[in-house]
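Trainee: next come a sequence and a model predicted from it.
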Amino acid sequence: MNLEELKKNYPNIDLAELNELFPRIAMTDYPELSEYSWEACHHGSLGGGALFLASEMARKMDLEAGMRVLDLGCGHGASSIFLARHYGVTVVAADNGVSPSANWQGFQGEGLNDKVIPVKMDARNIVFPERYFDAVFSMNAYLYFGTDDLYLSYLTRFIRNSGRICIAGPCYAEELRPDTPKELLEGESFAYHSPSWWCNHFAKTDLVRVLHCQDHPKGREFWLDMIRWIIEDTQNRGEAYPDFLWHDMVMLLSDQERFVTYFLLLAEKKSS
Ligand SMILES: C[S@@+](CC[C@H](N)C(=O)[O-])C[C@H]1O[C@@H](n2cnc3c(N)ncnc32)[C@H](O)[C@@H]1O
């Protein structure tokens, strides 16, 4: 099925036909997720990458049991649960838009009462002591508050020396230009930045050492996998596809150059 057929047939698109266009990500690359099904890896996730991207971020963070980790913009806290369970860290699951009471029920259900602490908190108004956290993790969220040039100098106040920050999220391979084809744009895409923009955004502050920053090799695959999840989930619930899904399908099928992708950045706080 090509893009024109997809448009013509929408919304009556057969799941079998979509399988080829939007494959699931291969679970074999994620031994730390062996206790999860593919569906469970997506459950509660509010963006692409789901626990696959979360586990890749965590691998880079040198986490040790007992560390205090801030999951900034945690959404429903799926990543917070994974980090606490797999690495034995204590996670502050912070979000300003998702109810901490609902998240708390989920954390209790996982038996993580004293390991994941839900808080309603704006990333720009951190209520914890300075140097409190060993690490900060932020997936699919940092673009909402962290593009301000002054934000990193604020955030690093709450991290101990040599503590790590790992952020990841959707991006374009290069900065948007006025002539970027319209079908590659979406509602929030003006807020996306290229991996090299992110690298410079962190490095120029001289507050951190950027240890890793790149267009994720599986960036396109994370998008395809997220679309596949939403297709299956909405079909299983007998609901219509949300409008943004139709848009994302067109965007991915139009993208012949792997322009639509994900970035992952890892940095370490310099001593201060
Ligand atoms: C796309 S969701 C990602 C959630 C989760 N990390 C995930 O990947 O499933 C972005 C989250 O960032 C949160 N967020 C946006 N701006 C925020 C801010 N200023 N402070 C705290 N959280 C924020 C939103 O409420 C939302 O839950």
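Mentor: Yep, that arrived. Keep in mind that what you see is a predicted model, and the values were worked out from it rather than measured.
Trainee: going forward, measure contacts and count neighbours with C-alpha atoms only.
Mentor: Will do.
Trainee: thought Cys74 was touching Leu46, still the case?
Mentor: No. Leu46 is beyond contact range of Cys74, at 9.1 Å (criterion: CA atoms under 8 Å).
Trainee: more neighbours, those two?
Mentor: Ranked by neighbour count (other CA atoms under 10 Å), Leu46 and Cys74 place Cys74 first, with 27 against 17.
Trainee: is it true that the more buried one lies in a helix?
Mentor: No. Judged by DSSP: H, G, I helix; E, B strand; the rest coil, Cys74 forms no part of a helix; its state is coil.
Trainee: shaky segments in the chain?
Mentor: For the chain, the stretches flagged by pLDDT under 70 are 1-4, 7, 10-11.
Trainee: what segments of it are helices?
Mentor: Along the chain, the stretches classed as helices by DSSP state H are 3-9, 15-21, 38-42, 50-59, 78-87, 100-109, 151-155, 195-203, 219-236, 243-254.
Trainee: show the contacting residues for Lys269.
Mentor: Going by CA atoms under 8 Å, 6 or more residues apart in numbering, Lys269 touches Thr156, Ile159, Arg160, Asn161, Ser162, Gly163, Arg164, Ile165, Leu207, Val208, Arg209.
Trainee: ok, Val98 - contacts?
Mentor: Residues counted as contacts of Val98 (CA under 8 Å, 6+ apart) are Gly75, His76, Lys120.
Trainee: redo the contacts of Lys269 as JSON lines? Include neighbour count.
Mentor: Listed next are the contacts of Lys269 as JSON lines, based on neighbours: other CA atoms under 10 Å:
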{"residue": "Thr156", "neighbour count": "24"}
{"residue": "Ile159", "neighbour count": "24"}
{"residue": "Arg160", "neighbour count": "19"}
{"residue": "Asn161", "neighbour count": "18"}
{"residue": "Ser162", "neighbour count": "16"}
{"residue": "Gly163", "neighbour count": "23"}
{"residue": "Arg164", "neighbour count": "27"}
{"residue": "Ile165", "neighbour count": "26"}
{"residue": "Leu207", "neighbour count": "17"}
{"residue": "Val208", "neighbour count": "23"}
{"residue": "Arg209", "neighbour count": "18"}
